[in-house]
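[1] here is a sequence with its predicted model. Questions after.
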Amino acid sequence: SSEARLYSFTPETLNALKKFRLGTSRASKPQAVIYEINKQTQEIHASPSTDAPRIYTDLSTLASELPPHSPRFVLLSHPITLKSSGRETAPYVLLYYMPPTANSELRVLYAGARELMKTTAGVGRVLEVSDEEEVEGVKEVL
């Protein structure tokens, strides 16, 4: 696909994505990692860019760490109890964070990488969020 030629992941990021996905299914708390795109290199990586991605376990803290004017991808696994069966499950989703104040260049950059990020991370669903309240309320949507 053309997205795969435009955007890239380092082997370290790919390993971190896989490890995160496999490690979240049995977590008792929400697990989230923020990802961003480097505008110069078109590389998708964890934010902040460190050796090990920061894992957020609280949606309020996660929401407060998202920049007010720049889009981000957030991988989220959030344990919930299904009303129908009472069974515990942890949906694994991609939050596509797009604040209304993001400039058009960043909007296009993130829109172009959205499907690649979804596929590469192995998530089943993408939820669009645009502000802190929507991020904090994501459990209701799951």
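    In hand now; what should we look at? Numbering: from 1, shown residues only.

[2] which non-adjacent residue is nearest Pro53?
    With Cβ to Cβ, 6 or more residues apart in numbering as the criterion, Pro53 has its nearest non-adjacent residue at 3.6 Å, and that residue is Ala46. Glycine gets a C-beta too; all of them are placed from N, C-alpha and C.

[3] scratch that, Tyr92
    Going by Cβ to Cβ, 6+ apart, Tyr92 has Ser77 as its nearest residue, at 4.8 Å.

[4] do I have it right that the residue nearest to Pro53 meets Val33?
    Yes. Between Ala46 and Val33 there is a contact under Cβ atoms under 8 Å: 5.8 Å.

[5] and for these two, which residues touch both?
    Counting by Cβ atoms under 8 Å, 6 or more residues apart in numbering, the contacts common to Ala46 and Val33 are 16, 53-54.

[6] take these and keep only those in helices.
    Residues of the shared contacts of Ala46 and Val33 located in helices (DSSP state H): Ala16.

[7] now the strands for the protein?
    For the chain, applying DSSP state E gives strands covering 31-37, 44-46, 72-77, 80-81, 88-89, 92-97, 125-129.

[8] I'd like to know how many residues surround the residue nearest to Pro53.
    Each residue near Ala46 was counted by other Cβ atoms under 10 Å, and the total is 22.

[9] out of the strands of the chain, which comes closest to Glu140?
    Evaluated with Cβ to Cβ, the strands of the chain place strand 80-81 nearest to Glu140, the distance being 9.8 Å.

[10] ok so, going back, just the buried ones out of the shared contacts of Ala46 and Val33, please.
    If you count burial by 16 or more other Cβ atoms under 10 Å, the buried members of those come out as 16, 53.

[11] hmm, back to that, burial measure for the residue nearest to Tyr92, as a count.
    By other Cβ under 10 Å, neighbour count at Ser77 equals 22.

[12] okay, and the beta partners of it?
    Here Ser77 shows beta-bridge partners Gln31, Tyr92, assigned using DSSP bridges.

[13] quick check: it touching Leu22?
    No. The pair Ser77 / Leu22 is not scored as a contact, 10.4 Å apart, by Cβ under 8 Å.
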